[in-house]
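*Asks:* below is the sequence, then the predicted model.
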Protein chains: 2
Amino acid sequence: MNNHGLVTRLREQLGDAAVLTDTDVTDAYSRDMMPLAASGKPLAVVLPSDVEGVQAVVKACAEFEVPIVPRGAGSGLSGAANAIDGCVVLVLTKLDQIVEIDEGNRLAVVQPGVVNLDFRNAVEKHGLFYPPDPSSYDWCTIGGNLSTNAGGLCCVKYGVTTDSVLGLEVVLADGSLLKTGRRTVKGVAGYDLARLFVGSEGTLGVITQATVALKPLPQLPSTLVAAFNSTEAAGEAVARVVREGLVPSLMEIMDATSIKAAEAYLKTDLGTSSDCKALLLAQSDSGGEVARKELAVLEQICVDCGADLAYATEDLEEGKMLLQARRVVLTALEMYGVWLTDDVCVPRTRIAELIAGCERISEEVGLRIAVVGHAGDGNMHPTIVYAPDSEDEFARARVAFDAILDVALSLGGTVTGEHGIGRIKREWLAKEIGEVGIAVHRQIKQALDPKNLFNPGSMFSL
Amino acid sequence: MNNHGLVTRLREQLGDAAVLTDTDVTDAYSRDMMPLAASGKPLAVVLPSDVEGVQAVVKACAEFEVPIVPRGAGSGLSGAANAIDGCVVLVLTKLDQIVEIDEGNRLAVVQPGVVNLDFRNAVEKHGLFYPPDPSSYDWCTIGGNLSTNAGGLCCVKYGVTTDSVLGLEVVLADGSLLKTGRRTVKGVAGYDLARLFVGSEGTLGVITQATVALKPLPQLPSTLVAAFNSTEAAGEAVARVVREGLVPSLMEIMDATSIKAAEAYLKTDLGTSSDCKALLLAQSDSGGEVARKELAVLEQICVDCGADLAYATEDLEEGKMLLQARRVVLTALEMYGVWLTDDVCVPRTRIAELIAGCERISEEVGLRIAVVGHAGDGNMHPTIVYAPDSEDEFARARVAFDAILDVALSLGGTVTGEHGIGRIKREWLAKEIGEVGIAVHRQIKQALDPKNLFNPGSMFSL
């Protein structure tokens, strides 16, 4: 047996069109969106179109002892979908069917290749709502969302991907098909295997189908914007929102660097004074009088915390315009260079300290760092800007990236709120969860993938 | 080494008062509340009072290769906490501290021995809400709730125990202490180990501490009762509630047998006509106008589905009285004999079929079966009544118990919604999840507990 034999086998089983080996083509499938992570040269890229095809790939790779790197659209930000030399990249995008939408039980069955937005739109036609909404929702796939346990803007009220998962089908290391979970709201038959595979970044098996719980479609959102002349004041407002028992459907924060970038990009001022240091953007999707009350309380909290400006609107278009400032930040930062976005989550009482830490790091490394984030759940995305052609700046960006993780841990936070560990935060996983935690990871990995063929070296090493 | 040596070691490490061997005393710790499950004679019952004590017990038992059965208060209904011959019963009730309540981040850190109701009351004083509310909440412990992933009446709106868990501390098979999870709202650093241990019924480790997310305290509940002259009509009402996008904070169903038992016990009629076949009880905890609207829509759905009576009240005491009928059912059934309560969960569209199946089984076995359940999430508790002194009736009760599980599976349901597999549904776990699923359970069990000392034989066998 040699690896040429594997390619021949894969062609026989999947058909020539589903097995790519031309390096011009395979390069396009060899990495995700994280510039810090290295990527290798795959032996082949395969695109099976059904579960039997996935099983055939896994069995063939097991026989030839060739590693498999599963991937979806490649929108990830941790390098978890990056090829390693000589691997088979297993692309799940052709398993793209919405198998079932069950309105009566508020659930759907979906294949991993379906694009998040397409799925959202499909269930919305049935009056239903699939909450997880990562920023890349117009091109990322459900399979990638499951593998990374993706979050988004909705999490403050609706949780992350795993909170919507009822059951999974997973192709295991021996090619067998595990059906885990249920179609019912509750169920405690056996270990919660579904949630073990969710967020395991392709290291334990290949997810080929998911049963997900859906929610009733919420009301159209009302929007609030508030401007503060200090991040401490904005942080205090967030903490008070939590303490007062409010649950907005969205609550985002932008620091001064983000605000300036957005204003320059949009060629407008955001109605804030020149010494505006932080913006809070919040929404309620409760509708009608309830939404009005929620935003009135939110507005009062912001004013009490010293906001220079606090403005609420029920107008959808106006709300979208206000949110646009948040949405354009990463694009706006490209005016200054390329960016490297970090992903930490801190207790919601400590957001201002995280932003202060990023300001200090920015000064230390001499690079612009813009902080945007999901204030409602403490998940912050400090984004470091560096010159694309400067090795020195890239190196300093890497220093800043790690320094931010250090600050997050020191504040009782985690080194990844929603992007995952992948190939860039392995040593940080070990720092966060300790030796015992890593040992348990290894035990589970060895139990389920004894040949270490599923995405080896991602998340942790054996 | 012999097992007498183990007892000596345990006494040295925990002190004499924490190691019980008198069989009159140890018998009291040898089983939970499930009459179908056998129980053995423990070598000793130990009650450590801190995590170091738990680690000492686990290390000593590992050295002597003696099985450990962890337990809390013993309110379980699956035999998962039942002793096996020669084991050490590890009672966690003396780890009974609420370590921390963090209002600013809406979380608490709690030890396993804290009683659910005590914990609820403690966080309520901070304006916070711990949702999981199993029926035994006035005596069951948080540790037992975690180990069985307990549910309750709140689940239709607030989920089960695992949905509140942020992180755990767990003593592993080698006595080391695993700290998994986080204090932040989001976090995807590594595998979701916390949720692997939740619901693992003591087979993978001993939970010694949990960090749980809390919710804002909801409003006081408004209550609706509706009476139907067919279970199909009540089932249709439940299905429509789901389809219309309503999320009541409680929605319970009682069948004709339950209603009659409650009426006889309470020496009152529930205001229902003599041909009442099903009662629905629902609550909204949204408060004020929103609650009024929710219950008005619920009421209209019930009327549209043919309810003979539908009545809503905002009065707290009246609401409690209405719910009392539901709460007394198991006690009321004791007028007729002892009971055996089953636990299945079916898709919410199929509740009426489950009740019809139970009526058929009741006729076949010649025993009374009362169906009560959490209609909002499809989790039903058909309860079989038999004479305590009749071996024949007990045998028929067992037949009915299994037949109900069969019906649930045939309706696309699960054999346990919230009580767990334990020692009574092991073969049913295998039927539900299949050979591949059981194989994965065995792989994980062997990886984390290679000597098979944690609650061996519960849930599945190696």
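*Replies:* Everything's here; your move. Numbering: from 1, shown residues only, chains lettered A, B, ... in the order given.
*Asks:* next, count neighbours for A:P388.
*Replies:* Other residues within reach of A:P388, judged by other Cβ atoms under 10 Å in any protein chain shown, total 10. From N, CA and C alone the C-beta is placed, and that goes for glycine too.
*Asks:* so it is in which element?
*Replies:* Assigned by DSSP states H and E, A:P388 falls within no helix or strand.
*Asks:* ok, now how distant is it from chain B?
*Replies:* According to Cβ to the nearest Cβ, to the nearest Å, A:P388 stands 29 Å off from chain B.
*Asks:* for the residue nearest to that residue when sequence neighbours are not counted, what are its contacts?
*Replies:* Nearest residue to A:P388, sequence neighbours excluded (Cβ to Cβ, 6 or more residues apart in numbering or on different chains): A:V338, at 4.6 Å. Shown in contact with A:V338 (Cβ atoms under 8 Å, 6 or more residues apart in numbering or on different chains): A:P35, A:V385, A:Y386, A:A387, A:P388.
*Asks:* which one of those is nearest B:L10?
*Replies:* A:P35 (56.1 Å; Cβ to Cβ).
*Asks:* that closest one contacts A:L340, correct?
*Replies:* Yes: here A:P35 reaches A:L340: they are 6.2 Å apart, a contact under Cβ atoms under 8 Å.
*Asks:* show me which of those two is the more surrounded one.
*Replies:* Neighbour count, other Cβ under 10 Å: between A:P35 and A:L340, A:L340 has more, with 22 against 18.
*Asks:* let me know the pLDDT of that one.
*Replies:* Note on A:L340: pLDDT of 95.
*Asks:* now it: phi and psi?
*Replies:* Note on A:L340: its backbone torsions stand at phi -130, psi 110 [degrees, to the nearest 10].
*Asks:* how far away is it from A:M380?
*Replies:* Distance, A:L340 to A:M380, using Cβ to Cβ, to the nearest Å: 14 Å.
*Asks:* name the surrounding residues that touch the longest helix along chain A.
*Replies:* Using DSSP state H to define each element, chain A has its longest helix at helix A:426-448. By Cβ under 8 Å, 6+ apart, the surrounding residues in contact with helix A:426-448 are A:172-173, A:196, A:203-205, A:402, A:405, A:409, A:414-416, A:421, A:452, A:457-462, B:172, B:176-180, B:189-191, B:193, B:440, B:443-444, B:446-448.
*Asks:* make it 7 Å
*Replies:* Applying Cβ atoms under 7 Å, 6 or more residues apart in numbering or on different chains, the contact partners of helix A:426-448 are A:172-173, A:203-205, A:405, A:409, A:414-415, A:421, A:459-462, B:176-180, B:189-191, B:193, B:440, B:443-444, B:446-448.
*Asks:* filter those to the buried ones?
*Replies:* A:172-173, A:203-205, A:405, A:409, A:414-415, A:421, A:459-460, B:176-180, B:189-191, B:193, B:440, B:443-444, B:447-448 (16 or more other Cβ atoms under 10 Å in any protein chain shown).
*Asks:* which members of those occur in helices, if any?
*Replies:* Residues from the buried ones among the contacts of helix A:426-448 lying in helices, with DSSP H as the criterion: A:L405, A:L409, B:L193, B:V440, B:Q443, B:I444, B:A447, B:L448.
*Asks:* how close does the second one sit to B:L193?
*Replies:* This means A:L409. Using Cβ to Cβ, A:L409 is found at 18 Å from B:L193.
*Asks:* please verify my assumption that A:C154 contacts A:F129.
*Replies:* No: between A:C154 and A:F129 there is no contact under Cβ atoms under 7 Å: 9.1 Å.
*Asks:* cool, thanks, signing off.
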